[in-house]
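Novice: Predicted model, plus sequence, below.
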Amino acid sequence: MGGAERVAVVTGGGRGIGAAISRRLAAEGHAVAVNYASGESAARTVVSEIVAAGGRAVAVRADVSDAVQAETLITEATRVLGPPTVLVNNAGMNLAGSARTQHPHEWDRVIGVNLSGAFYCAHAALPGMYDAGWGRIVFLSSPSGGRRPSPGMSAYSAAKAGLVGMTRSMAQEVARRGITVNAVMPGFVETDIIASGGENAAANLAAHWPRIPAESIAATVSFLVGEGGGHVSGEEVGVWLGGPVGV
Ligand code: NAP
């Protein structure tokens, strides 16, 4: 960290992988804005834990798929904690369904949260990072975004692949501003999102994919936002122990 406290925004930071990232960044000395859309009590629990451990944190409600709310998230984090120079775009959701039957509104929602929401938050946070001459952006992509797509996940796969393209483009834009942009691709982390892949999704994944703890994703994010990762940018880092076996 180099001494000074940095402010981090973790979208969807109150549950699942995001909660592990919020806790990890706080333990390493960041003040953390824990964003949530509907899970207020989970986000407040994470904030309470951070504050009880002597850190600074705030829970901020915002649906990141709304550009105005994404802007308000960054404004509110700045007002309470100071200008964020670390942004972890973790918020995500999935609505599984075949391309033949999935309603276009569902497509729009999945793209809106996973892809557009990540852009809106980065767009809102980048001016502060330019001012600071330092910044870290991490997008939570997925093996579904190109390397290991599954049927019935066109929208989710497109969104997660979109994040990789955005990572590479944005990383080049900001390379000379002291800002890095990377994507992390978790393998199978057993969280609530898994159930949205269908009735037997968890059992099917568990049959072939190594189970990865959320803390391991948080550790990878920690590396990328820390000084050690300072020259890593435009990359997609898989955290999946090589992926599925026996398929
Ligand atoms: P999760 O437990 O279902 O958590 C999803 C998080 O996203 C929640 O904190 C939720 O907030 C937040 N969120 C959803 N919609 C939002 C919105 N419109 N605005 C703001 N926040 C929103 O899932 P997870 O496994 O931790 O997933 C975290 C990220 O990792 C996602 O981007 C996911 O696609 C990615 N990922 C996960 C896996 C895995 O195996 N679990 C694998 C690859 C990639 P609320 O509590 O307010 O609902």
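Specialist: That came through fine. Numbering: from 1, shown residues only.
Novice: Any part of the lengthiest helix in the chain near the ligand?
Specialist: The helix of greatest length in the chain, counted in residues with DSSP state H as the criterion, is given as helix 154-174. No - remark: helix 154-174 sits outside contact range of the ligand, by CB under 6 Å from any ligand atom, the gap being at least 6.7 Å. For every residue, glycine as well, the C-beta is placed using N, CA and C.
Novice: tell me the centre residue of this protein?
Specialist: Relative to the mean C-alpha position of the chain, the nearest C-alpha, by CA atoms, centre = their mean, is the one of N90, at 1.6 Å.
Novice: Wait, that residue touches V9, no?
Specialist: No - counting by CB atoms under 8 Å, N90 does not reach V9; the two are 9.8 Å apart.
Novice: that's a strand at A43, yeah?
Specialist: No - secondary structure of A43 (DSSP: H, G, I helix; E, B strand; the rest coil): helix, not part of a strand.
Novice: Which parts of the chain are helices?
Specialist: In the chain, the helices defined using DSSP H lie at 16-27, 40-52, 67-81, 104-111, 117-132, 154-174, 192-195, 201-208, 214-225.
Novice: most neighbours per residue, which of these?
Specialist: Of all the helices of the chain, helix 16-27 has the most neighbours on average by mean count of other CB atoms under 10 Å, namely a mean of 26.
Novice: separation between V164 and the ligand?
Specialist: As for V164, its distance to the ligand is 12 Å (criterion: CB to the nearest ligand atom, to the nearest Å).
Novice: Relative to R79, how far out is the nearest residue to the residue nearest to the centre of the chain once chain neighbours are set aside?
Specialist: Nearest-residue entry for N90: G18, 4.2 Å, with adjacent residues in sequence omitted and distances by CB to CB, 6 or more residues apart in numbering. Between G18 and R79 the distance is 21 Å, computed by CB to CB, to the nearest Å.
Novice: For A4, the count of nearby residues, please.
Specialist: The number of residues packed around A4, counting by other CB atoms under 10 Å, is 7.
Novice: Check the one 4 residues further on too.
Specialist: When neighbours are defined as other CB under 10 Å, A8 has 30 of them.
Novice: Test my guess that it contacts L25.
Specialist: Yes - the pair A8 / L25 is scored as a contact, 4.8 Å apart, by CB under 8 Å.
Novice: who touches both of these two?
Specialist: Overlap of the contact sets of A8 and L25 (by CB atoms under 8 Å, 6 or more residues apart in numbering) consists of V32, V86, V88, V225.
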